[in-house]
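In: need a structure here:
(chains A and B)
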Amino acid sequence: METVTLTIDGRQVTIEKGKTVLQAAIESGISVPYYCYHPGIGIDGSCRVCIVKIEKMPKLQTSCSTVCTEGMAVSTRTPDVVEARAGVFEFLLINHPLDCPVCDKGGECPLQDFSYAFGPDLSRMDFPRRVFDGDGVRGDVDFGPTLMLNRQRCILCTRCVRFMRDVDADAQINIIDRGYGSEIATFQEEGVHSLISGNLMDVCPVGAITTRDYRFKSRPWDNPLAADTICTQCAKGCNVTAWIKAKPEWAKGSQLIRFTPRLNPDVNDYWMCDIGRFEYHWIEGERRVRKPLERQASGVQQPVSWDDVTAKLCDRLAAAGTSNPDGVRFLLSAHASHEELFLFKRLTEELVGESGPAAISVSWRYREKQQPAGTKFKVPAVDAPNVNGARMLGLVPGAPGDEVRGADVTALRQAVEAGRVTALYVFDPGPDGSLGDTTWIVEARTRGPLPLLIVQGVLLTDLARAADFVLPGASYVEKEASYTNGHGRLQGTTRAIPTPGDAMEDWQILVNLGTALGVAFDYKSAAHVRSDVTGRFSTITELQGLSTLAFNKPMEARHWLQASNPSERWKWDFMFQDLPPVKGNVDPTSLPLPPGAIPLKEV
Amino acid sequence: MEPLLTRYVREPNAFTLDFYLRHQGYEGFRKALAMTPDEVIEAVKASGLRGRGGAGFPTGMKWQFVDKKSPNPKYIACNADESEPGTFKDHLLMERNPHLLIEGCAIGCYAIGAKIAYIYVRGEFLHVQEVLERAIAEAYARGFLGRNVLGSGFDCDVYVHRGAGAYEAGEETALLESLEGKRAQPRNKPPFPAVVGLYNCPTAVNNVETLSNVPLILLNGAEWFAGLGPEKNGGPKLYCVSGHVRRPGVYEASMKITLRELIEGHAGGVREGRTLKAVIPGGSSVPCLLPDQLDTQASFDGIQKAGSLLGSAGIVVLDDTTCMVWLAENLLHFYRHESCGKCTPCREGTDWLHKILRRIEGGGGQLRDLDLLSSISGNVAGKTLCAFGDAAVTPVLTTLKHFRHEYEAHIREGRCTLPAPWRATRALEGVH
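Out: Predicted structure coming up:
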């Protein structure tokens, strides 16, 4: 890597050639504010708060647009820079509504934080503020199906404009009018219609763009924990953060309060799609299975204890397996992790022998998403995180890296419909529909020849309603599990919240079931299962990472340290280690009094 | 000095190709085609021609900076977005002598290795666009433009593009953005247009008057051209004298001329019974000069020495009936309206300044507003993306510097103390 060395505030900084002064400052922990710059979008040079003094240049320069050169001497703290920067901050705030107490961004707002650290103490503006659509939260207008827009708060950094133009390759947002009257708008106020629209909330450095999903639901300081995990809703495996709200047990609402993307240049960059971001309510929803269910003779599914359900299930399965070993079949969703797929495989091997795994079929949903042709964030058509994992374990034909199309379960379907299957065990830990079409199973169980249907999963779907036994498992934020994404990258989820009710982590359910069926499973933990995977598949190098795969824990989410926006978080992680941001040594008594203020007398 | 650029503007058919050809038209272009491109650039450099758009940058140098090694096509973008208040020279040239500009564009293309020149015409200049397009069609028909021009093997196309009407579109990078079909907002510099310009290709952006001077250089030689004016200020110059003078208009002169000769000689001086109060010598964006500076040479260097800028040579003459607070308010109304809104200080600062000025002008001002005005102006100047910010605060700073007493009188009396019968009783609120 070619590098250049420059000094910033007297500190020597060595940085990759071609990077800008702002990037050099951020990477070396020197605090320079910025709004229009976003590492994932690029340079605009319009907000002007990143101005610095560069030796031999007559005017102050925007550090975001100045490329580092060898020997450059930059200062960010000289009086002229401090004064000029404060002047720009004053401009940014003269028309900003300062409705921070009711603004969703409050507490994790770069405008708040930087203004506090770099802005003037008082505003000299005494004219009414600019109002576009109505004061306060009444100024919120629809901005498409997922977003709201508050033009009063907007500081016209145009990050949203450039995100849509450069990242999504569909310039739906632009500025209309000009100068003082400039406002963010979409054509004929249609709003933003995009599969990655949620990122606009992240890139917005103020509370102008908020998501309908998260707005008014929580404040940053009400979210004490954040878990760095991955999204498993498709084959991409975006790195995300799951935010957990503090909530008394009896209170309504969910703990899981939002998902935000987390920087991973190899997977998802700074972004995630709206499916992963917004479609998580099923995890703590009404349809979640919280207790094992058993269908009574009356046809009603009754909650039962794990002991009962395991015993009865074993009897039925053993009976079916004894009479016709080929009649017991498994249908697994590709939402199953390596651990779960492996345990199913082991179970069949132990019970039936080497040919056992032939009883296992793996299914997933395949749907092409409508996206602009040039988008830089393509959402895969495969709605499952682990097709490649199933391939490596030999449960799906093909090698990792081969193109994935729709799942093929026609053989299983023919066998079921021909009455050759006496027991079907379905594993479905994903959201409703992620297994693909299952109406034929429901049909076969309710009116057809399938005598026994077992569903291990998370939701009381139509399929689960038709089952004889329902075993409540864990969703992807409730267990530590590993997946191989569409590009063959091994990643793990984090246990962010506990499983609801009596639900158990799926590896545990399978181990208990196997033990009850007489298989000598001695796994004590998911990690134990993983080490067995690496041992038994020692020839598959891609799986060896399982032994060293580190799983995150929910962390204390001090909002200063972990702003929602992945670019901001990067900044907080580097820049403000000893937070909160504080002003320099200012003697409050030396500050000019606001007009009309009564000076305090010393007692 | 005999007019050179505007010699024939009063002739009824001056804009036709036939007329132009009868008066040495396209002779300079023929001479250029007989030279190498580098020789043409050298000639323009030797002539001392400086950009007439406002900055006064040497044109030959600008052309030399165009990245010739680039594999991309090169372009000439002619800046005909004449929008500076008090400036009205370019549209005279384009209307009455369009072939001079077209010839200049063709020579420019030849010199920098471009094949295409775009003339970006101000949105309001519909009539100018029509004249130019007719002239370009004539030039194509007679082989001065198109493929294999005059049998030289050189291809040259000239297009006219009319903007949508924005002052900011006259900023060179905003002009390029607008030409590309985007909002007329400036780009970051560097990279400069000579390296990354129109469609990311090397581009020379030249003013109409600048390009119109080029055929004269080729025709009569660089030395002759340089000798027309004082040192480093060669060639003829068009001055737009407006304001409180008897004969406002465009006057062509050598830059050896003084402001006094222009105002009192050519333009006939201020009206009967009035005295001169101030002169804004280079369009509304430059500091004003006072009556005792009238003997300043009206050249780029002369006016700069006097503390102002020649800019676009839009000389606005103000007599003693002019309220300088009103002047600042009026100009800030313009700048507030024309700010493109891209960068923060200009977008917010111009509006804030205008609000304060309107309050003072309306009689509601306070003395502390004056410090606020200069502080805000200081926060805008030099902090913006393009030169608009500096231009916008200049009227405030210059009137505050020279006429602070008028501001104070406004604040003290709560009204304007000057007799100004011509002034509108109410600000033209909401009018464009």
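In: What residue in the stretch 351-500 of chain A comes nearest to chain B?
Out: Distance from chain B to each residue of the stretch 351-500 of chain A (C-beta to the nearest C-beta) is smallest for residue A:374, at 17.4 Å. (Glycine included, C-beta is placed from N, CA and C.)
In: Identify the residues contacting that residue.
Out: Going by C-beta atoms under 8 Å, 6 or more residues apart in numbering or on different chains, residue A:374 touches A:169-170.
In: Which of the three states applies to the most centrally placed residue in chain A?
Out: Central residue of chain A (C-alpha atoms, centre = their mean): residue A:240, 3.2 Å from the mean position. Three-state secondary structure (criterion: DSSP: H, G, I helix; E, B strand; the rest coil) places residue A:240 in strand.
In: Could you do the one 3 residues further on as well?
Out: Classification of residue A:243 into helix, strand or coil gives strand, according to three-state DSSP.
In: Look up how far chain B lies from it.
Out: For residue A:243, the distance to chain B (C-beta to the nearest C-beta, to the nearest Å) stands at 31 Å.
In: gap between that residue and residue A:148?
Out: Here the distance between residue A:243 and residue A:148 works out to 19 Å (C-beta to C-beta, to the nearest Å).
In: Repeat that for residue A:71.
Out: From residue A:71 to residue A:148 the distance is 48 Å (C-beta to C-beta).
In: Which of those two has more residues huddled nearby?
Out: Neighbours per residue, other C-beta atoms under 10 Å in any protein chain shown: of residue A:71 and residue A:148, the larger number sits with residue A:148, 22 against 10.
In: and that one, helix, strand or coil?
Out: Classified using three-state DSSP, residue A:148 is strand.
In: That one: what's it in contact with?
Out: Counting by C-beta under 8 Å, 6+ apart, residue A:148 makes contact with A:140-142, A:209-212, A:215.
In: separation between whichever residue of chain B sits closest to chain A and residue B:349?
Out: Nearest residue of chain B to chain A: residue B:379, at 3.2 Å (C-beta to the nearest C-beta). Residue B:379 sits at a distance of 7 Å from residue B:349 (criterion: C-beta to C-beta).
In: more crowded one of these two?
Out: Between residue B:379 and residue B:349, counted using other C-beta under 10 Å, the more crowded position is residue B:349 (33 against 24).
In: Test my guess that that one contacts residue B:389.
Out: Yes - using C-beta atoms under 8 Å, residue B:349 makes contact with residue B:389 at a distance of 7.1 Å.
In: between these two, what contacts are shared?
Out: residue B:380.
In: low pLDDT regions in the stretch 1-150 of chain B?
Out: Within the stretch 1-150 of chain B, no range satisfies pLDDT under 70.
In: Please enumerate the strands of it.
Out: B:75-80, B:116-121 (DSSP state E, counting those that start in this stretch).
In: for chain A, what's the longest helix?
Out: Looking across chain A with DSSP state H, the single longest helix is helix A:306-323.
In: CA atoms only for the next helix or strand after it, dumped as PDB, please.
Out: Scanning forward in sequence from helix A:306-323 by DSSP states H and E, the next helix or strand is strand A:328-333. C-alpha atoms of strand A:328-333 as PDB (Å, rounded to 0.1, in the frame of the first residue of the first chain):
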ATOM      1  CA  VAL A 328     -40.100 -41.400   7.800                       C
ATOM      2  CA  ARG A 329     -39.000 -38.300   6.000                       C
ATOM      3  CA  PHE A 330     -37.600 -34.900   7.000                       C
ATOM      4  CA  LEU A 331     -38.200 -31.600   5.300                       C
ATOM      5  CA  LEU A 332     -35.700 -28.900   6.500                       C
ATOM      6  CA  SER A 333     -35.800 -25.300   5.800                       C
END
